[in-house]
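Colleague: Sequence first, predicted coordinates after that:
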Amino acid sequence: MSTATRPTQPIFDQEPDAMRCPYPHYARLRHEAPVFHDTEHDIYVVTRHADIERVNTAPRLFSSQNPMGPTVSGAVAAVGRALSDATPEFAERVRVVMSRGDVLFTQDPPDHTRHRRILAKAFTPRSVTRIEPRIRELCHGLVDGFAVSGDPGEVDLVPAFCSPAPVQALATLLGVPVEKSGDFARWADAINAAIGTTMTDEALLATLETQIEFWTFFENEIADRERDPGDDLLSAIVRARDEGDEPLTRNEMVGFCSQFIGAGADTTTKLIASFVLMLCENPDLMAQVRSRPEELPRYLEEALRLESPVQGLFRVATEDTELGGVAIPAGAHVWVVYASGNRDEEVFDAPESFDPDRAHLRSHQAFGHGPHSCIGAPLARSVARIAVEVLLERLDDIALAEPGFVPRYDPSYVMHGMQRLPLTFTAR
Ligand code: HEM
């Protein structure tokens with residue numbers, strides 16, 4: 001066994017070109033040091049598909065207690081410092097909010113298994129298909145906001161469409177008025193602010209105030225459903241029980257909502273924007289998608305593989321172990337780079353090319369793998385498909401508004417997506 005470290009450029013540099021296109025760097029790691037100890041950040045970077053599966057299917061050995069990685073641990077420490085003068089009540093509120101209800105993402109078996117088992121009774125595929133007509137209406141409403149029938153137009157698609165569509169879908173699913181979706185977007189930003197990037201203590205505290213506002217809103221919503229249940233996901237969560245399981249606590253229920261909004265809004269936004277950019281950059285692809293609309297789910301699967309909104313997440317080794325011949329000590333952070341597994345030539349032929357007809361189309365790891373794999377994948381797939389269907393139905397001649405447009409990506413090594421997408425079009 002070796003403790004291989006090689007002089008490869010650290011992966012966490014937030015340099016714009018690397019943010020936009022980290023793939024050559026991942027490929028180098030896959031070939032030269034597939035389990036790479038980045039000594040500068042003391043993180044083990046896992047880039048091959050098979051090794052990622054090994055990590056993700058051993059949740060007791062590779063714990064999810066800190067899946068968002070070192071910047072979030074840094075944020076927790078910073079909050080501790082910043083709260084030294086706070087009242088005990090405020091400090092306790094912050095602790096609850098930061099724990100996100102101690103559910104799902106940050107939990108290991110057996111608690112994690114209990115959460116998934118209970119949630120499987122509420123967050124069913126039917127709960128998603130049931131709201132699809134409403135998601136379509138909402139997407140049309142968003143296009144109405146920037147397109148006038150028969151006229152040419154111009155829009156920055158990210159704020160006008162890619163961002164609100166998933167948030168409005170989530171509000172609908174949970175049973176909260178769509179008018180609250182502006183707040184949802186703010187809350188989602190606050191929940192995710194510390195992931196994959198660094199923040200000042202002041203900025204961090206501001207996000208906590210916003211998260212407390214979110215937490216209070218959902219505590220009240222859940223209390224309402226307990227008194228007067230409806231047919232939405234929140235009511236189903238309140239009702240969900242599994243024989244022999246402890247009932248969910250109020251904090252666990254709000255924690256689910258916090259994770260749905262934190263994990264479900266921005267990710268789906270990034271998928272829609274990346275796919276529309278691909279269509280604009282490749283007119284043949286645009287023509288193919290327009291001529292094979294029933295195949296859209298396959299095209300979106302390839303977009304997920306090639307431009308994964310979540311590039312990778314973290315695990316912590318619970319004991320001394322070994323992966324790919326590299327010794328990993330107990331307590332080490334391990335970064336499973338899903339976006340690299342998605343271009344692993346051992347699994348995908350010609351991994352750099354866009355091929356919706358490829359074998360193993362759904363073997364990508366864009367939704368993770370194993371017990372923590374994305375619980376919202378059916379919703380993400382529905383929202384992205386309906387959003388693109390509506391755009392293509394309503395708009396012709398979709399093109400980039402700025403010649404030579406180079407998208408600017410969020411400065412995060414976890415989340416991958418562009419900040420703006422200015423387009424021109426002719427509205428039907
Ligand atoms: C394109 C959109 C999406 C992408 C790329 C994505 C990606 C992921 C990934 C990679 C994981 C694995 C986490 C890990 O390995 O620790 C995950 C888990 C999760 N996702 Fe998604 N997601 C998307 C949409 C959604 C939506 C719409 C929701 C909710 C409504 C959602 C809720 C969650 C939750 C709660 C988990 C944690 C599951 C657990 O730990 O058991 N995601 N997602």
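Modeller: That came through fine. Numbers count the residues shown, from 1 in each chain.

Colleague: tell me which parts of the stretch 301-428 of the chain are close to the ligand?
Modeller: Residues of the stretch 301-428 of the chain that fall close to the ligand, judged by Cβ under 6 Å from any ligand atom: 309-310, 313, 338, 366-368, 372-376, 379-380. C-beta coordinates here come from the backbone N, C-alpha and C atoms, glycine included.

Colleague: from the protein, which residue is nearest to the ligand?
Modeller: At 2.0 Å from the ligand, G376 is the closest residue in the chain, using Cβ to the nearest ligand atom.

Colleague: so who does D355 touch?
Modeller: Listed by Cβ atoms under 8 Å, 6 or more residues apart in numbering, the contact set of D355 reads E302.

Colleague: Assumed it was part of a helix.
Modeller: No: applying DSSP: H, G, I helix; E, B strand; the rest coil, one finds D355 to be coil, outside a helix.

Colleague: would you list the residues of the stretch 301-428 of the chain next to the ligand in a markdown table and tack on neighbour count?
Modeller: Rendered in a markdown table, the data for these read as follows (neighbours: other Cβ atoms under 10 Å):
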| residue | neighbour count |
| --- | --- |
| P309 | 24 |
| V310 | 23 |
| L313 | 22 |
| Y338 | 26 |
| A366 | 25 |
| F367 | 20 |
| G368 | 19 |
| H372 | 21 |
| S373 | 12 |
| C374 | 17 |
| I375 | 21 |
| G376 | 21 |
| L379 | 25 |
| A380 | 24 |
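
Colleague: Distance-wise, check A86 relative to V254.
Modeller: Taking Cβ to Cβ, to the nearest Å as the criterion, A86 is separated from V254 by 21 Å.

Colleague: Same check on S308?
Modeller: The gap separating S308 from V254 is 28 Å, by Cβ to Cβ.

Colleague: same thing with S163?
Modeller: Relative to V254, S163 is positioned 23 Å away (Cβ to Cβ).

Colleague: So between those two, which is more surrounded?
Modeller: More neighbours surround V254 than the other of S163 and V254, with 26 against 23 (other Cβ atoms under 10 Å).

Colleague: Please say whether there is contact between stretch 105-117 and the ligand.
Modeller: Yes: shown here: stretch 105-117 in contact with the ligand (Cβ under 6 Å from any ligand atom) through F105, R116.

Colleague: Mind listing residues that contact that stretch?
Modeller: The contact list for stretch 105-117 (Cβ under 8 Å, 6+ apart) reads 59-60, 63-68, 99-100, 102-104, 242, 245-246, 252, 256, 259, 263, 371-372, 375.

Colleague: Check stretch 218-229 too.
Modeller: 174-176, 232, 234-235, 237-239, 250, 253-254, 257-258.

Colleague: roughly how far is that stretch from the heart of the chain?
Modeller: 27 Å (Cα atoms, centre = their mean, to the nearest Å).

Colleague: ok, that stretch near the ligand or not?
Modeller: No: counting by Cβ under 6 Å from any ligand atom, no contacts exist between stretch 218-229 and the ligand, the nearest distance being 13.9 Å.

Colleague: what about that stretch, average pLDDT?
Modeller: Confidence over stretch 218-229 (mean pLDDT, whole number) is 94.

Colleague: pretty sure S363 contacts V347?
Modeller: Yes: in this structure S363 lies within contact range of V347 using Cβ atoms under 8 Å: 5.8 Å.

Colleague: Measure how buried E393 is and give me the count.
Modeller: Neighbours of E393 under the rule other Cβ under 10 Å: 14.

Colleague: Name the nearest residue to it, ignoring sequence neighbours.
Modeller: Nearest in space to E393, with sequence neighbours left out and distances taken as Cβ to Cβ, 6 or more residues apart in numbering, is R428 at 7.4 Å.

Colleague: count of residues packed around A86?
Modeller: A86: 14 surrounding residues under other Cβ under 10 Å.

Colleague: Quick check: chain neighbours aside, which residue is closest to it?
Modeller: In space, and not counting its chain neighbours, A86 is closest to V94: 7.3 Å by Cβ to Cβ, 6+ apart.

Colleague: And the helix or strand harbouring that neighbour, what does it pack against?
Modeller: Secondary structure assigned from DSSP states H and E places V94 in helix 88-99. On a contact count with 3 or more Cβ pairs under 8 Å, 6 or more residues apart in numbering; DSSP states H and E, helix 88-99 meets helix 70-82, helix 201-227, helix 250-281.

Colleague: circling back to that earlier point, so who does the residue of the chain closest to the ligand touch?
Modeller: Contacts of G376 (Cβ under 8 Å, 6+ apart): F123, F260, A263, G264.

Colleague: farthest-separated two in these?
Modeller: Pairwise distances across those peak at 12.3 Å for F123 and A263 (criterion: Cβ to Cβ).

Colleague: tell me the contacts of the most centrally placed residue in the chain?
Modeller: Nearest to the mean C-alpha position of the chain, counting by Cα atoms, centre = their mean, stands T267 at 3.7 Å. Contact analysis of T267 by Cβ under 8 Å, 6+ apart lists P166, P309, V310, A380, M415.
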